[in-house]
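Novice: Below is the sequence, then the predicted model.
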Amino acid sequence: MPILNPPAFAAHDPRDLHGLLVDELAQLRQTGHVVDEAEAELLRIAPGDVAALERLFDQLGDCRQADWGYEEPQAPTDVLSLLPSRAWGFVGSERELRDKVLGAWLGRIAACNLGKPIELGTHWTRARIEAYLRLAGAYPLEDYVPMLEPPPPGFALRDCWPETTRGRVSGSARDDDIDYTILGLHLLERRGVSFTTEDVGSVWLDLLPFNQVYTAERVVYANLVRGLPLPAATTFRNPYREWIGALIRADIFGYVMPGDPTAAARLAVVDASLSHRANGIYGEVWAAALVASAFSANSVREAVEVAMEYIPPRSRLWHSVTAVLADFDSGLTWEECLAANDKRWDKYSWVHTVNNAAVITAGLLYGDGDFARTVGLTVQGGLDTDSNGATAGSVAGVLTGAKALPARFIEPLEDVVRSAVFGFDRSRISHLAERTVSLYYRCHR
């Protein structure tokens, strides 16, 4: 079976100054900065000329920002000041809470595994995903991705396929989307809801291997090791500050603040601030509020609408999510909705927050509370398939509850999750859910 070239997948190395500059120029252009001269200068610099690359990086702060039509607060304190106040809370029984929390964990882990073998947006476009699934007789996707043997030419599953494809899942595969959920639980158990951004950095260095973190997290990890203090460590040569890395860390805050999106969002700001700014922070805030609101919402539509209140209203993320809701309400098909999303954000990385949040929203709305359809559509949507599937799986798992989740997704997990977080490999999923419920009661005493 052909696999994707690991160096191509593990790009965005903080030690690659030329690559960081390419990505920083893209980030600046997306935020309305005029970078034509800097781009021309980069073309004149040899990729190995470190001194020249560093000089150019230092000059990027002088790039002028044009009037580009958005208002996006950068500072965590500004984001916090915009959060709405909601006097919500979970009103169900303890039995219902336990079922929903377990459903959230199982849903997230199963849907993450669902997206893993086709995770690489530059290769696994939505069209290629559909073509592969049709060849396998598995379109639309409502079970784990099949492995075709012999593999058809032009389709390269990721090298995790032996443990994440249909009939081969035996326990959950390791993934950073799950590592951060586990790490967040550990952080809350140790520090409580008053944890600081510095605490988040410390627990990363203590329990996460460097090679198992990516993009913004990898840059900030390296900056912390070099001894840079916060907030300098967050922004120093970090062109990935608006990518999806913070969004994938959000769900645990919704689990421990069920029905209270404001409390979940506040925790998310503290966490996201270590590695992200602007839409990177908004993405984690939005996802935390989305998961938290699912515990009390009467429908997936209600949860989506509540979560939208937590996005700054003149930001690109708000525009992205609002556009999906408008397309859905206008009667567009799921395919038409995502084609419109592609056009809006065609210059953005496949792991950016703005475009992936739209894919998650579309999966939730068109899935309409059905777990298999929701996670299947979300993964079929392409881009960051495992991350998007995981977030949608959390929400759908809360709404469905563990007892009603489809057995074909849950039984192969065998109640076991692999993890790179020190001390947590082969944890019982049910035990993680029990610890989450215990943490909820401890936080609300």
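Specialist: Now that the structure is in, tell me what you want to look at. Residues are numbered from 1 along each chain as shown.
Novice: ends of stretch 162-179, how far apart?
Specialist: This stretch, stretch 162-179, spans 20 Å end to end (C-alpha to C-alpha, to the nearest Å).
Novice: Return the set of buried residues in it.
Specialist: By neighbour count on 16 or more other C-beta atoms under 10 Å, the buried set for stretch 162-179 is 163-166, 169, 171-179. Heads up, the C-betas are built off the backbone N, CA and C, glycines and all.
Novice: Can you list which of the residues you listed are found in helices?
Specialist: Judged by DSSP state H, those include 163-164, 176-179 as members of helices.
Novice: Distance to Asp23 and pLDDT added to these, as TSV?
Specialist: Shown next, in TSV, are those (distance: C-beta to C-beta, whole Å; pLDDT from 0 to 100):
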residue	distance to Asp23	pLDDT
Glu163	31	96
Thr164	28	98
Asp176	19	97
Asp177	21	98
Ile178	26	98
Asp179	23	98
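Novice: Do you have the helices of the stretch 201-350 of the chain handy? List them.
Specialist: For the stretch 201-350 of the chain, the helices defined by DSSP state H, counting those that start in this stretch cover 215-225, 232-235, 251-256, 261-272, 279-294, 300-308, 316-329, 334-344.
Novice: can the ones you listed go into a markdown table with extra columns for mean neighbour count and mean pLDDT?
Specialist: Shown next, in a markdown table, are the helices of the stretch 201-350 of the chain (neighbours: other C-beta atoms under 10 Å; pLDDT from 0 to 100):
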| stretch | mean neighbour count | mean pLDDT |
| --- | --- | --- |
| helix 215-225 | 23 | 97 |
| helix 232-235 | 18 | 97 |
| helix 251-256 | 30 | 98 |
| helix 261-272 | 26 | 97 |
| helix 279-294 | 31 | 98 |
| helix 300-308 | 20 | 97 |
| helix 316-329 | 20 | 98 |
| helix 334-344 | 17 | 98 |
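Novice: so which of these comes closest to Glu142?
Specialist: Glu142 sits nearest to helix 334-344 of all the helices of the stretch 201-350 of the chain, at 13.9 Å, using C-beta to C-beta.
Novice: Could you list every helix and strand in contact with the helix or strand that the closest one is followed by?
Specialist: Past helix 334-344, further along toward the C-terminus, the next helix or strand under DSSP states H and E is helix 353-367. Helices and strands touching helix 353-367, as assessed by 3 or more C-beta pairs under 8 Å, 6 or more residues apart in numbering; DSSP states H and E, comprise helix 279-294, helix 300-308, helix 316-329, helix 334-344, helix 371-380, helix 385-400.
Novice: Which of the ones in helices among the buried residues of stretch 162-179 sits closest to Val291?
Specialist: For these, the minimum distance to Val291 (C-beta to C-beta) is 13.4 Å, reached by Asp177.
Novice: Spit out the contact partners of the closest residue to that closest one other than its chain neighbours.
Specialist: Nearest residue to Asp177, sequence neighbours excluded (C-beta to C-beta, 6 or more residues apart in numbering): Ala390, at 4.5 Å. Counting by C-beta atoms under 8 Å, 6 or more residues apart in numbering, Ala390 touches 108-109, 111-112, 115, 175, 177-178, 248, 251.
Novice: okay if I get those as a markdown table plus distance to Val200?
Specialist: Listed next are those as a markdown table, based on distance: C-beta to C-beta, whole Å:
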| residue | distance to Val200 |
| --- | --- |
| Arg108 | 20 |
| Ile109 | 22 |
| Ala111 | 25 |
| Cys112 | 21 |
| Gly115 | 25 |
| Asp175 | 19 |
| Asp177 | 17 |
| Ile178 | 17 |
| Ile248 | 14 |
| Asp251 | 15 |
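Novice: Thanks a lot, see you next time.
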